[in-house]
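*Asks:* Below is the structure, and that's it, no one-letter string:
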């Protein structure tokens, strides 16, 4: 009889809703700008924690922020990323890259600054880092956008743009992936291209290469570019919610999240806005 009772106890336990969950909330990345000394976009804000309290029967809103629109007009900043939200948790969209004498925008991570700025766009404490800026005054290069783990690198006096700040690795989805890397700043002429942070930020461009866009649903910033080509778009954000598989499935969801069970956890991955009820 013991195995039968054990099965019955396990079955009952699995009908209990979780009281706490783990989350990852990444906002949309900022765009790179098109222009002289165009900076890379800052990564979307990155927030994660365990032990977040939830109540059964109450829908919790999920909002997935869009990446900033690519900079397509000369000397006009690209778009900032949009915020992502899970219940009361908000991650701030990444700031767009600056240009020439104009600094990048503030955001979850800040956008890279241009030629004669002395600071990059400011990052949000606990979510990201500042963008880089141009360290010289000759020719055209710019700072990289900030990332979740590091500031954006400065554009060098050798006219190569600064790399995007590093993102952060998370295994909450069941696979270790990087999120929220900054976009690279533009380089002068056909000099070496700057890289986007952690493979999810877009590479900076030059007069012979198009800037890269941030990776979708990873919150990467877009790369900045010279006047020849457009800046890169920011990557959209993501919201992931995880808890032990000894608890029941969510009572309902909207927004068509991807649901998986792996490694002892139930995982709801939202790439579009919706809700979840436990």
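*Replies:* Good, I have the coordinates. Computed from a prediction, not measured in an experiment: that's the story for all the values here. Numbering: from 1, shown residues only.
*Asks:* Now do residue 63 against residue 272, distance only.
*Replies:* Distance of residue 63 to residue 272, given as C-beta to C-beta, to the nearest Å: 9 Å. Backbone N, C-alpha and C define where each C-beta goes, glycine included.
*Asks:* who touches both of these two?
*Replies:* Common contact partners of residue 63 and residue 272 (C-beta atoms under 8 Å, 6 or more residues apart in numbering): none.
*Asks:* where does residue 241 land in three-state SS?
*Replies:* strand (DSSP: H, G, I helix; E, B strand; the rest coil).
*Asks:* ok now do it, which residues does it touch?
*Replies:* 21-23, 86, 267-268, 270, 276.
*Asks:* Among those residues, which one lies nearest to residue 95?
*Replies:* residue 86 (21.5 Å; C-beta to C-beta).
*Asks:* before we move on, back to that, which PyMOL command selects the buried ones in the contacts of residue 241?
*Replies:* Filtering the contacts of residue 241 down to the buried ones (16 or more other C-beta atoms under 10 Å) takes a single PyMOL command:
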select buried, resi 21+22+23+86+267+268+270+276
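*Asks:* quick revisit: more crowded one of residue 63 and residue 272?
*Replies:* Here residue 63 and residue 272 are compared on neighbour count by other C-beta atoms under 10 Å; more neighbours surround residue 63, at 21 against 15.
*Asks:* OK, contacts around residue 192?
*Replies:* Counting by C-beta under 8 Å, 6+ apart, residue 192 makes contact with residue 160.
*Asks:* What are the boundaries of the strands in the stretch 1-150 of the chain?
*Replies:* Using DSSP state E, counting those that start in this stretch, the strands found in the stretch 1-150 of the chain span residues 20-26, 46-53, 60-63, 84-86, 89-91.
*Asks:* Counting by contacts, list what the second one packs against.
*Replies:* Pointing back at strand 46-53 there. strand 20-26, strand 89-91 (3 or more C-beta pairs under 8 Å, 6 or more residues apart in numbering; DSSP states H and E).
*Asks:* May I see those strands organised as JSON lines, with distance to residue 229 and mean pLDDT added?
*Replies:* As requested, the helices and strands packed on strand 46-53 are exported to JSON lines (distance: least, C-beta to C-beta, whole Å; pLDDT from 0 to 100):
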{"stretch": "strand 20-26", "distance to residue 229": "27", "mean pLDDT": "98"}
{"stretch": "strand 89-91", "distance to residue 229": "29", "mean pLDDT": "98"}
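*Asks:* Check those strands for me and report the most buried one.
*Replies:* strand 20-26 (a mean of 24; mean count of other C-beta atoms under 10 Å).
*Asks:* Give the other helices and strands that it contacts.
*Replies:* Strand 20-26 packs on strand 46-53, strand 84-86, strand 89-91, strand 238-244, going by 3+ C-beta pairs under 8 Å, 6+ apart.
*Asks:* Can you tell me the strand partners of it and which way each runs?
*Replies:* Strand 20-26 sits in its sheet next to strand 46-53 (antiparallel), strand 238-244 (antiparallel), going by DSSP bridges.
*Asks:* Report the distance from the longest one to the chain centre.
*Replies:* Read it as strand 46-53. 16 Å (C-alpha atoms, centre = their mean, to the nearest Å).
*Asks:* Give the buried residues for that strand.
*Replies:* 46-48, 52.
*Asks:* out of those residues, who's nearest residue 110?
*Replies:* For those, the nearest to residue 110 is residue 46 (13.5 Å; C-beta to C-beta).
*Asks:* re earlier: could I get the helices and strands packed on strand 46-53 as a markdown table with distance to residue 134?
*Replies:* Shown next, in a markdown table, are those (distance: least, C-beta to C-beta, whole Å):
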| stretch | distance to residue 134 |
| --- | --- |
| strand 20-26 | 28 |
| strand 89-91 | 28 |
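*Asks:* so which of the ones you listed gets nearest residue 196?
*Replies:* Using C-beta to C-beta, the helices and strands packed on strand 46-53 put strand 20-26 closest to residue 196, at 15.2 Å.
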